[in-house]
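Novice: let me see the structure of the following:
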Amino acid sequence: MKLQQKVCKNSISASGKHMNFLLLLLSTFGNYAPPVTIHVLVALCDNKYQGIVPVPAKIGNGQDPANNLYWGCGYGVKTFLKKQPDWQLIKLIKQPAPYIHERLVFKHRTPGVYLVADAYDGARMKETITSFLQYAAGRNRTPIPLDKDTLHAGGDARLICFVGHNGLMDAALPAYPEKADDRPRDVAIFACASKSYFSEPIRRTGANPLIWTTHLMSPEAYTLDAMIDSWLLKEKPALTHEKVAQAYQQYQHCGIKGARRLFATGW
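Specialist: Here you go, the predicted model:
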């Protein structure tokens, strides 16, 4: 869906893979072994409140997650992940905070791996980015009760992801959070030109930038899914970068060289 590329203009086998995931969880997550939580923050696309080239009204309403470009549409985080065989939606929480319309909890086919996805109101970009950076810094730890367990999300998540318009193109935050501890955390920012705008804030959090971007991009969920798949396999950053670029090229048909240039890993 190439429409989204304009949005920021203004501002192995399945069983074998499953076994690899399980072995890597046991061997590499160490003191942070299962449950392992990934936390994804989605800033809903919003024609009115974000500095974007307008998209069709139905998919650009930041107060309507069901039809939103980055959430309910075919390649939105909610719809796309629900269709992936590795993920099972196990919980939906309506309005967990005044500015979060929905919170989804997905369980990975690998035991002990969960993903929390939050749909932030498109008019609350400041709160979305602030929460993302606080989580990256190890702050605002967010326990989420399940039937037989408690997920440790927010600042307790091992991988924190931002998806949506780059709100720092419109306005900087008055202050950025500093890291709260020395626990390792990875972050990924699927937004236009995120490396140049988020570099200083991410340095302050102490998190490791696994994937971010150099130019305008379409923040659809296939790149998020490819990145998480590689992260769970504990692959080298260069391979993660390649998998994300390949996924982007597959859906955007932009040429693999361009897709590789679009994404960056590390500093």
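
Novice: report all helices and strands that the longest strand along the chain contacts.
Specialist: Using DSSP state E to define each element, the chain has its longest strand at strand 87-97. In terms of contacts (3 or more CB pairs under 8 Å, 6 or more residues apart in numbering; DSSP states H and E), strand 87-97 is packed against helix 77-82, strand 100-108. Where C-beta positions appear, they are placed from N, C-alpha and C, glycine not excepted.

Novice: okay, now residue 249: neighbour count?
Specialist: For residue 249, the number of neighbouring residues by other CB atoms under 10 Å comes to 17.

Novice: need the strands for this structure, in chain order.
Specialist: 36-43, 87-97, 100-108, 113-120, 141-145, 150-154, 159-163, 186-190, 208-213, 263-264.

Novice: so which of the ones you listed is nearest residue 76?
Specialist: strand 36-43 (7.9 Å; CB to CB).

Novice: in the sheet, which strands lie alongside that closest one, parallel or antiparallel?
Specialist: Using DSSP bridges, strand 36-43 pairs in its sheet with strand 113-120 (parallel), strand 159-163 (parallel).

Novice: picking up where we left off before, let's have the helices and strands packed on strand 87-97 in CSV, adding mean neighbour count and distance to residue 177.
Specialist: What follows is these, written out as CSV (neighbours: other CB atoms under 10 Å; distance: least, CB to CB, whole Å):
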stretch, mean neighbour count, distance to residue 177
helix 77-82, 20, 24
strand 100-108, 21, 19
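
Novice: would TSV of those with distance to residue 140 and mean pLDDT be doable?
Specialist: Output for the helices and strands packed on strand 87-97, formatted as TSV (distance: least, CB to CB, whole Å; pLDDT from 0 to 100):
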stretch	distance to residue 140	mean pLDDT
helix 77-82	20	98
strand 100-108	13	98
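
Novice: nearest to residue 57, of those?
Specialist: Here strand 100-108 is closest among the helices and strands packed on strand 87-97 (CB to CB), at 17.7 Å.

Novice: and the angle for the closest one with strand 36-43?
Specialist: 150 degrees (axes from the mean of the first three to the mean of the last three CA atoms, to 10 degrees).

Novice: partner strands of strand 100-108 and their direction?
Specialist: When DSSP bridges is applied, strand 100-108 pairs with strand 87-97 (antiparallel), strand 113-120 (antiparallel).

Novice: picking that back up, what's next to the longest strand of the chain, contact-wise?
Specialist: Strand 87-97 is contacted by residues 81-82, 101-109, 115, 118, 144, 146 when judged by CB atoms under 8 Å, 6 or more residues apart in numbering.

Novice: change it to 6 Å
Specialist: 81, 82, 103, 104, 105, 106, 107 (CB atoms under 6 Å, 6 or more residues apart in numbering).

Novice: quick one: closest of the helices and strands packed on strand 87-97 to residue 71.
Specialist: helix 77-82 (5.0 Å).

Novice: for that closest one, list the C-alpha coordinates in PDB.
Specialist: Extracted in PDB, the C-alpha atoms of helix 77-82 (Å, rounded to 0.1, in the frame of the first residue of the first chain):
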ATOM      1  CA  VAL A  77      -0.600  -3.700  13.500                       C
ATOM      2  CA  LYS A  78      -3.900  -5.300  14.900                       C
ATOM      3  CA  THR A  79      -5.100  -6.800  11.600                       C
ATOM      4  CA  PHE A  80      -1.700  -8.000  10.300                       C
ATOM      5  CA  LEU A  81      -0.600  -9.700  13.500                       C
ATOM      6  CA  LYS A  82      -3.900 -11.400  14.000                       C
END
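
Novice: starting at the chain centroid, how far to it?
Specialist: 12 Å (CA atoms, centre = their mean, to the nearest Å).

Novice: what do you get for stretch 118-134?
Specialist: 12 Å.

Novice: any buried residues in it, and which?
Specialist: 118-125, 127-134 (16 or more other CB atoms under 10 Å).

Novice: tell me which of those residues is nearest to residue 259?
Specialist: Among the buried residues of stretch 118-134, residue 132 lies closest to residue 259 (CB to CB), at 23.9 Å.

Novice: check that closest one and give its pLDDT.
Specialist: For residue 132, the pLDDT comes out at 98.
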